[in-house]
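> just the structure for this:
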Amino acid sequence: MLNSMTGFATMKGEALGFDWVWDLRSVNAKGLDLRLRVPDWVEGLEPAVRATLTKALDRGSVNLSLRLQKGEEEASLALNKTQLAPVLTALAAVEHHAAEQGVTLAPSKASDLLSLRGILDVTARETDTKALREALLKDLPDLLGAFADMRRAEGEALDSVLKDQLGQIARLTEAAAKEAEARKGEARATLQANLARVLENADNVDEARITQELAMLAVKQDVTEELDRLRAHVDAARDLLAGGSPVGRKLDFLMQEFNREANTLCSKSQSVALTRIGLDLKAVIDQMREQVQNVE
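Here you go, the predicted structure:
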C-alpha cells in the first residue's frame, strides 16, 4: 500500500512534574527534511528524536515540535539559619533593652519570625533531565504510529486516484493506436499522390531517392514505438503501485517518460484526431504527476 507524504499527529503527556504536547506534521519533499523544535536544556533529546525519525521515515518535509512546561511543581521549605541568626540577636537585644527601660513585651512567637522575609527558603525540586528525556522518548512510538496511520489513509486515497488515472492513460493509448491504424491507408495514399505529383512535374528526378525520402518521412510519422512505450510505462506504474511505498521517486521518473512519449506522439500525429488524443494524454499525465509528488 502507498504512503502519502502528507500527515499529522499530536500527543499529550505528563511526568516528573511536567506537561507536554508533541506535534508532528509533514508535506511532500524530494528527500527527507527534518525540522525539530525541542527544548535544548533536555540533554540528548534532539539527537535521539532525530535518529528515531530518520529510521522511521523515508521522504517528506517533516516538522516536529514539543511544547514542554512545568506542572504543579512540588517544592520544599528550608530554614535559612544564616538569615535567622542576626534576627534572633536583634530580638534578644530589643527584649534586653526593653527590660532595662521597664517595658514589658509580649512573648515572641516562632510564626512571627518565620513570616519574616528570607527566613524560609522555598526550593524547587531539581529536574532530572535524563529521566525526563526517557519519559518524553517513550511517546515517540505511539506518536509515529498515529502519524503513519494518517499517511497510510492518505496513501489509500492516492492509490485509488493514481490507478484511475493509469486506466485513463491506458484507454487513451489504445484509442491512439486505433486512430494511428486507421490513418495508415490515408497516409500511404497521400505519400503515393505526392510522389506521383513530384515525378510528373520534374525532369531528371532520381525516383529511387524520392521514394527513399518519402519512406523515411513515413517512418518519422509512425507512432508505433511511442504507443508500445506508453503501454510498457502503464504496466511498470501498476507494478510499482502494487509493490507499495516507498516508490515515489520511481513513479516521478516514470511520469517524465510518460510525458516524453505523449509529446512525441503529438509532434508525429499529422492528424487532428490523433493530436486531440495526445493532448488528452498530456492532460491526464500532468494531473497524475501532481498526485505522484505526494507519494512517499
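> tell me which other helices or strands the strand or helix carrying Ala51 touches.
Element membership for Ala51, per DSSP states H and E: helix 45-56. The helices and strands touching helix 45-56, judged by 3 or more C-beta pairs under 8 Å, 6 or more residues apart in numbering; DSSP states H and E, are strand 32-37, strand 60-70, helix 129-137, helix 140-200. Using the backbone N, CA and C atoms, a C-beta is placed for each residue, glycine as well.
> let me know the outermost residue of the protein.
What lies farthest from the middle of the chain is Gly102; by C-alpha atoms, centre = their mean that is 85.6 Å.
> next, give phi and psi for it.
Here is the backbone geometry of Gly102 (degrees, to the nearest 10): phi 80, psi 20.
> for the closest residue to Ala273 other than its chain neighbours, list the residues it contacts.
Counting by C-beta to C-beta, 6 or more residues apart in numbering, Ala273 lies nearest to Glu179, which is 5.2 Å off, once chain neighbours are set aside. For Glu179, the contact set (C-beta atoms under 8 Å, 6 or more residues apart in numbering) comprises Ser271, Ala273, Leu274, Ile277.
> quick one: contacts for the closest residue to the first one other than its chain neighbours?
The shortest distance from Ser271 to any non-neighbouring residue, by C-beta to C-beta, 6+ apart, is to Arg183 (5.3 Å). By C-beta under 8 Å, 6+ apart, the contact set of Arg183 is Gln270, Ser271, Leu274.
> same check, this time on Gly278
Gly278 makes contact with Ala176, Ala262, Leu265, Cys266, Ser269, according to C-beta under 8 Å, 6+ apart.
> so how far is Leu227 from the last one?
Taking C-beta to C-beta, to the nearest Å as the measure, Ser269 and Leu227 are separated by 12 Å.
> low pLDDT regions in the protein?
The chain contains residues with pLDDT under 70 at 71-78, 113, 117, 120-127, 184-221.
> before we move on, the earlier item: between the contacts of Gly278, which sits nearest Ser26?
Among the contacts of Gly278, Ala262 lies closest to Ser26 (C-beta to C-beta), at 31.3 Å.
> okay, now the closest one: neighbour count?
Ala262 has 26 neighbours, counted by other C-beta atoms under 10 Å.
> before we move on, what about Ala237?
Counted with other C-beta under 10 Å, the neighbours of Ala237 add up to 25.
> got phi/psi on it?
Ala237 adopts backbone torsions of phi -70, psi -40, taken as degrees, to the nearest 10.
> do I have it right that it meets Phe253?
No - between Ala237 and Phe253 no contact is recorded; they are 10.5 Å apart, counting by C-beta atoms under 8 Å.
> ok, the residue nearest to Leu66 when sequence neighbours are not counted - contacts?
Once flanking residues are discounted, Leu66 sits nearest to Val38: 4.5 Å by C-beta to C-beta, 6+ apart. Taking C-beta under 8 Å, 6+ apart, we find Val38 in contact with Leu45, Glu46, Val49, Leu64, Ser65, Leu66, Leu68.
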